[in-house]
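# below is the structure, and that's it, no one-letter string:
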């Protein structure tokens, strides 16, 4: 029963993220300003989280020093404000299929950054290390594929443009240069998001209150995005929200994604760990590809499919390598012991120096 509940929760998380990409793309195609969207998204998320955090964590939250608050502020600037701006512009320039395919690279880019920051080790003489390196290579190949090869597009079964208000121009293919730039921005946004995930770990050790930590970052990012949006968009008529896809996308991302999906993710990780959740990442891409023939404004190119498949292969290769490495550490074989001795022998001359 518990396993069924976990699977249903993970499926709900992926449905929420698929809906997020479809709704945001529809809002951008309808004329929603990307900078204004990011600000309102973070504002609504903050208004939702602050009262919850005050009720739940008011007496249990640890003291916050100025230096720690500054670190959180800078982390929010890179991981939330920066990532969301890059992601929103990239989604506006490309497609939901590309965005859902690129999401599969986040665990791999997180692994690469963890290696750079030396929080993750790669033992190239073992199968686990080789699998991790192959996974990183497949992920890079997938990113290059979705950037430089688009291929034929699947046809829509539904010709009534419900989400885009019947605007034919909005569903035409993007110019090639715009598509490549959007892909590049999507990859950069994945890198900054992965960097945000990696840098959270040491800060959470200093401030072990996940809900208050998330709320403070949301508050900081709302302040940051206000001033950034003010610098980008001086026409305040573009800041107005109407009863259209723009308002729906802001409310959906602020409440459903930040409020519900983030909570469900924490609930899942607490019970089965991050690997179990990461294994479900390709479901978002599959859901969008299944829905794309029926939704106007949502299209799938062959390049996005091929790139997504390569990224999924890279994802599972890295995760398999991590799982194999854990088993090797728990139950070392004679071969593993021999490799360890060889590694120590190679390191011993350096120590003597």
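Yes, it's here. What you see is a predicted model; the values in this text were computed from it and never measured.
# which element is residue 88 on?
Residue 88 is part of helix 83-93 when elements are defined by DSSP states H and E.
# so what touches that helix?
If you take Cβ atoms under 8 Å, 6 or more residues apart in numbering as the criterion, helix 83-93 is touched by 21, 24-25, 28, 34-35, 37-38, 41-42, 99, 174, 178-179, 181-183, 185-186, 188-189, 192-193, 196, 221, 225, 228. C-beta coordinates here come from the backbone N, C-alpha and C atoms, glycine included.
# and for stretch 239-246?
Residues from elsewhere that reach stretch 239-246 (Cβ under 8 Å, 6+ apart): 23, 26-27, 30-33, 36-37, 40, 163, 229, 233, 247, 250.
# quick one: residue 257 from residue 23, how far?
Remark: distance between residue 257 and residue 23 (Cβ to Cβ, to the nearest Å) = 10 Å.
# more crowded one of those two?
residue 23 (22 against 19; other Cβ atoms under 10 Å).
# buried stuff in whichever helix or strand comes after the helix holding residue 88?
The element immediately downstream of helix 83-93 (helix or strand, assigned by DSSP H and E) is helix 96-103. Across helix 96-103, burial judged by 16 or more other Cβ atoms under 10 Å covers 96, 97, 98, 99, 100, 101, 102, 103.
# quick check, the first one in contact with residue 23.
No. Distance between residue 96 and residue 23: 9.6 Å, which falls outside the contact criterion (Cβ atoms under 8 Å).
# got the angle between the biggest helix by length in the chain and helix 96-103?
Identified as the longest helix of the chain according to DSSP state H is helix 176-206. In terms of direction (axes from the mean of the first three to the mean of the last three Cα atoms, to 10 degrees), helix 176-206 departs from helix 96-103 by 40 degrees.
# from the contacts of stretch 239-246, which shows the smallest pLDDT?
Among the contacts of stretch 239-246, residue 163 carries the weakest pLDDT, at 45.
# sorry, back to before: just the buried subset of the contacts of helix 83-93, please.
Applying 16+ other Cβ under 10 Å to the contacts of helix 83-93 flags 21, 24-25, 28, 34-35, 37-38, 41-42, 99, 179, 181-183, 185-186, 189, 192-193, 196, 221, 225, 228 as buried.
# where do the helices sit along the stretch 151-300 of the chain?
Taking DSSP state H, counting those that start in this stretch to define them, one finds helices in the stretch 151-300 of the chain at 176-206, 210-232, 245-251, 262-272, 274-278, 282-291.
# could you list the buried residues of the last one?
Of the residues in helix 282-291, those buried by neighbour count under the rule 16+ other Cβ under 10 Å are 282, 283, 284, 285, 287, 288, 289.
# kindly report the same for the fourth one.
Buried residues in helix 262-272, counted by 16+ other Cβ under 10 Å: 262, 264, 265, 268, 272.
# same check, this time on stretch 215-230
Quick answer for stretch 215-230 (16+ other Cβ under 10 Å): 215-226, 228-229.
# right, and residue 196 touches residue 75 too?
Yes. Taking contacts as Cβ under 8 Å, residue 196 lies within contact range of residue 75: 6.5 Å.
# against which helices or strands is the longest helix of the chain packed?
Here helix 176-206 touches helix 66-76, helix 83-93, helix 96-103, helix 106-116, helix 127-148, helix 210-232, going by 3 or more Cβ pairs under 8 Å, 6 or more residues apart in numbering; DSSP states H and E.
# ok, residue 184 - how many residues close by?
Each residue near residue 184 was counted by other Cβ under 10 Å, and the total is 15.
# what's the separation between the nearest residue to residue 42 once chain neighbours are set aside and residue 82?
Using Cβ to Cβ, 6 or more residues apart in numbering and skipping residues adjacent in sequence, the residue nearest residue 42 is residue 222, 4.2 Å away. Going from residue 222 to residue 82 by Cβ to Cβ gives 14 Å.
# then residue 26?
Distance from residue 26 to residue 82, by Cβ to Cβ: 24 Å.
# same question for residue 256.
Taken as Cβ to Cβ, the span from residue 256 to residue 82 is 23 Å.
# try residue 50
Distance from residue 50 to residue 82, counting by Cβ to Cβ: 22 Å.
# could you do residue 88 as well?
Residue 88 sits 11 Å away from residue 82, going by Cβ to Cβ.
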